[in-house]
Structures are given as C-alpha cells and as structure tokens.
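Peer 1: Compute the structure for the input listed below.
(one chain, ligands or ions: 2)
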Amino acid sequence: MQTTAVRPETSDGWALSPQTKAFLAAGGFGHFIDGEMVPSASGETFGILDPATGREFARCAAAGREDVDRAVRSARRAFDDGRWRNLEPLEKERRLRKLGELVGQNRDLLMDLDVIDGGLVRAYSEFIVKFGQDAIDYYSGWPTKLHGSVPAGPPDVVVQEVREPVGVVGVITPWNGPSAAPAGIVPALACGNCVVLKPAEQTPLAALVVARLCIEAGIPPGVVNVVQGLGEVAGAGIVEHPLVDAIGFTGSGDTGRRIVAAAAPTLKRVSMELGGKSPHIVFDDADLEQAAATVAGAVWGHSGQVCTAGSRVLVQRGIHDELVAAVVARSRDIRLGSGFSPDTQMGPLVSQEQLNRVCRYVDIGKREGAQVALGGARHGEAGYFHQPTIFTGVNNTMTIAREEIFGPVMAVIPFDTEEEAIAIANDTEFGLAAGVWTRDLGRAHRLTQAIRAGTVWVNTYQRVYPSIPYGGVKQSGFGRNLGAASLEHYTQTKTVWLKVR
Ligand code: NAI
Ligand code: MG
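Peer 2: Ligands and ions are numbered 1, 2, ... in the order given. Coordinates of the predicted model:
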C-alpha cells in the first residue's frame, strides 16, 4: 500500500478511543472493493488533513478510471448474481438491523473519525452518527414491505406491476457529515441494489468503517463498494460508467449540474440534494428567546456547513434590534477549537479552500455595505477557523444574501409585512428549506403554503427523522432523501402481462 501510517498525536493530543487508534495505526486507507480495502492501480494517493491543525495525518488511495471500473464491476457482479437482491426479504432485514447494531458499537470510532478529517465538534458528530444509525434502523424494516400492484386490465389477462431494484447505484456524498454515509446507502440496499459509494475527498475515513461493518453484518462482498478520490475523476467516473444505473448525489449546485449533464449520455436516473440559502423568518409575535436560540444554532451548527443552514434571517422590524441583540449575546462567547476539546462549541471549516471562500464572502459583504454586528474575520493562525459572523442591514440583492456561503455567516434582513417576508423568502434561486416563527396559526399556514421550499419548519428548525422525507425545489435539487420517498428512486416497476383466457 502506498499510504503512510498515521501520527498518533493527531488533533491536539486528545485521547482517541482505542478503536480509533487501532484503525488509524493500521493505515493503508484506500478503496473498498469486493469486500477488501485496496490501493489504486496507479499507486496514487492524496493527503487527509486535520482541519483543526491543517496537518496531513494520513494518505488515502486516489482512484483513477481503472479503480472506478473495478468497483463498478464488483457491484455489477454482485447485483447480477443475486447474492443480495435474491436473499429473502426477512434475511435482508436481519442483516441491515445487524449493521445498525454494529454502527452503534462503533460509535466512538465513527465520531472520532468525523472530528479528525471533517472538523466536526463532538455534539455534532454524535448527531451525525445517530442520524446514520437511525436511517439504518428505519430502512431495515423496508425489504418485507416493498410491493408492486395489480392494475385493472382486460378480462383475458392478469397484469402485475412488479417492483424491482434499479441495479448498481452510485452514491456521491459531501464532507459535512461523513458518518451519515449509511443514510445515503441503506435506501438503495433495502430495495436490493448494490452500491458504489464515493465519499468526499476531504473526509474519506468513515465510509471505510461503514463498508467493513457491512461485511461484518453479513451483507455480501461486492454489495457495498467504496472508491476514494477527487470528484472530477472518481465521482465523474461513476457518473459516466455505463454499468451504473442510478446516482444519488448530495453536494453543491455546480457539481450537481455537471453530474446531470454527465449522466445524460447513459440516461441514468439521478437525485440531487443540493445547497440552499434558507430564509429563517421571525415575526414580532414569536417567542423571541426560543427564536433567537434557534436562529443562532441554525447558522453556527457545524460552522454553517449544513445544507439547511438558516443563513438568511428575516426579522420583522419592530423586534429587529431586540432579536439581533439576543442572537449576538448568544454568539459572542462561542468557543472555537478542535472538536476533540470538550470546551469547543464551534469547530473549524473543513479546508483551506472553504476558509478562503468564507473570507471572500465576508469581504464582499463589507464592500457591499452590510454592517458587521459580530465577528467578521478568520480566527487564529492554525487550522481553518472563522469567527461566527453576523451581518445586519443586509438587502436581499446583496451577494451574501444570494449565494450559498457554507460557513458561519448570518445575513439579517429586516421586513415590515407578511407579504414582504414571503416575497423576500421566495426571492432566491434556492428552495431547500425555510423556518417561520410566529404564534399566529393562520399566518403559519399562509407562510407554509406560500414559501417555495422542500421543507418548512414552524417554531422549530432543522428537525430530521428517518421516516420524514427531505429535499429541495428550484436550484436546491430534486428527488427526496429519507422516508418512503427515496425508495421510488431506487426501484422501478416491470409490467408483466399474462394471457389467461
Ligand atoms: P462538491 O459538490 O464539489 O462535492 C461533493 C461531492 O461531489 C464530493 O464527493 C466530490 O468529490 C464530488 N464531486 C465533485 N466534482 C464531481 C464531478 N464532476 N462528478 C462527480 N462527483 C463530483 O462540493 P465542494 O467542492 O466540496 O464544496 C463547494 C461548495 O459546495 C461549498 O462551499 C458549499 O457551498 C457547497 N456544498 C454544499 C453541500 C450541501 O450539502 N448543500 C455539501 C458540500 C458542498
Ligand atoms: Mg467541488
């Protein structure tokens, strides 16, 4: 293997779990194909960096087209010989349930890895691992519940509409919740598909643990494969591969558009969970204490690197100053640091690139005339930290109100009337999510009807649950993750006509 061993002092000397130490010491991180961790054919690797220090602590194999082809063919063989799809449904459920248990048993390892390569703080990594485990628990109940139908037809025939898996599914994931990988793959597995998973190059480790646990759970080799490497090579290779039937993508709009185009020649079905610029609207009749706490959490959570971040805060003018003061008060003393420190409330951004992006947008915000009510600069010298930053006096035409920053930057926009709030909320190319704070039931319903978004939360924000679908409209994508909705993407129906008279 071309990969180097890991220095044990990773992440500020914080005590890693024994499982994590063993995992990191073993090294040799690469692809997971046919049930085994393997290097690239070319021997090429890329560095894995700790975002809290900026230090490279390990290397991982980087796929070329040959490696992608190997992984896809492994999944294809596994699908075609029926080693997974033809297992009886109850047995699929047992093995998926076992996977859920194993993820639970490896919780500390997964949390550590998300902190080390993704810069998550402890509380957020806990949430992410649980999110993945919850998705497994939910989808593990589906194999026995999938069914087709018998449509009405002419009397001389019996017609069956049979529900079948689509085949080989490519799942391409971002870096903001690496251990949520199971949530990306179990909907496909529950339907009997085989998977090639491409984790983000910033956070390659958790997927390897998950793939190994699949084997341990009795999911046969080849059913879940992982290829590592750059999006333009490994990701694009999966999208273009003729033996891949469907793509599930989560990430940026630019990459999403590229994937849709690259999937066209082979006519793959694709689902797109993309970014947002979600409006978080606070009316003057809201519970301001709760609203302020939630508004803050909705942008500071994982340093704003969350697709549903409530990055546009729309505040009714009468309570504007009070709400801003409350949010600033809650945000002023946030402790930044490594996720391994128990004191840390906000971690680093994932990469130098992401830090540069956030700094660039903050400069643009200042230049375009927004006022800095908090923060406004990078934090410290080492690692990729940025201060929680609040801009007030933002106009919805400003760049910081229009583009997804994906960092700890809040844009506060005042409004007067309900109509104006709706107009501003919808004046965006995105439509992933929205939040509304009001005690007026009629107004709550008017807003949920008027806002064009995949999810609208009222008097709460960023709640997720495995049985409840989420996804975007407009430039935030199409297709739904979680719930029964995502089974549609990973199955198709076959119509069978049988002449009986
Ligand atoms: P990205 O969308 O380029 O990366 C996401 C995944 O797509 C990664 O696994 C990457 O390797 C893969 N990928 C990249 N190019 C590809 C291609 N041509 N074909 C197939 N797969 C490809 O996101 P990136 O560049 O890491 O971040 C840039 C910005 O995107 C962020 O600043 C943020 O605004 C946004 N973003 C939004 C996310 C969300 O959940 N809404 C998640 C990640 C990024
Ligand atoms: Mg990219």
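
Peer 1: quick check: mean pLDDT across stretch 184-202?
Peer 2: When pLDDT is averaged over stretch 184-202, the result is 98.

Peer 1: so how far is the first residue of that stretch from its last?
Peer 2: 17 Å (C-alpha to C-alpha, to the nearest Å).

Peer 1: swap in stretch 248-256?
Peer 2: End-to-end distance for stretch 248-256: 10 Å, by C-alpha to C-alpha.

Peer 1: Can that stretch be said to contact ligand 1?
Peer 2: Yes. With C-beta under 6 Å from any ligand atom as the criterion, ligand 1 is reached by stretch 248-256 at 250-252, 255. C-beta: built from backbone N, CA, C; applies to glycine.

Peer 1: Show me which residues of the stretch 351-500 of the chain sit near ligand 1.
Peer 2: Near ligand 1, when you scan the stretch 351-500 of the chain using C-beta under 6 Å from any ligand atom, you find 354, 357, 404, 406.

Peer 1: now for those, which pair is the farthest apart?
Peer 2: Between any two of these, the greatest separation by C-beta to C-beta is 11.7 Å, found for Gln354 and Glu404.

Peer 1: quick one on the thing from earlier: of the residues of the stretch 351-500 of the chain next to ligand 1, closest to Thr266?
Peer 2: The closest of those, once distances to Thr266 are taken by C-beta to C-beta, is Glu404, at 28.9 Å.

Peer 1: Hmm, Phe79 is touching Asn86, no?
Peer 2: No. Judged on C-beta atoms under 8 Å, Phe79 makes no contact with Asn86 at a distance of 10.2 Å.

Peer 1: coming back round to it: go through the residues of the stretch 351-500 of the chain next to ligand 1 and say which is closest to ligand 1.
Peer 2: Checking these against ligand 1 with C-beta to the nearest ligand atom, the nearest one is Phe406 at 3.4 Å.

Peer 1: Can you tell me the closest non-neighbouring residue to that closest one?
Peer 2: Closest residue to Phe406 in three dimensions, ignoring its sequence neighbours and counting by C-beta to C-beta, 6 or more residues apart in numbering: Gln305, at 5.2 Å.

Peer 1: same check, this time on Thr294
Peer 2: Computed as C-beta to C-beta, 6+ apart, the closest residue to Thr294 that is not its neighbour in sequence is Tyr461, at 4.9 Å.

Peer 1: And the strands in the stretch 151-300 of the chain, which stretches?
Peer 2: For the stretch 151-300 of the chain, applying DSSP state E, counting those that start in this stretch gives strands covering 157-165, 168-172, 194-198, 224-226, 246-250, 269-273, 279-282.

Peer 1: Just the buried positions in the longest one, please.
Peer 2: Put plainly, it is strand 157-165. Neighbour-count burial for strand 157-165 flags 160, 163, 165 (criterion: 16 or more other C-beta atoms under 10 Å).

Peer 1: Identify the residue spatially nearest to Ala326, adjacent ones excluded.
Peer 2: Ala292 (3.6 Å).

Peer 1: That should have said Gln492, apologies.
Peer 2: Using C-beta to C-beta, 6+ apart, the closest residue to Gln492 is Val166 (5.5 Å).
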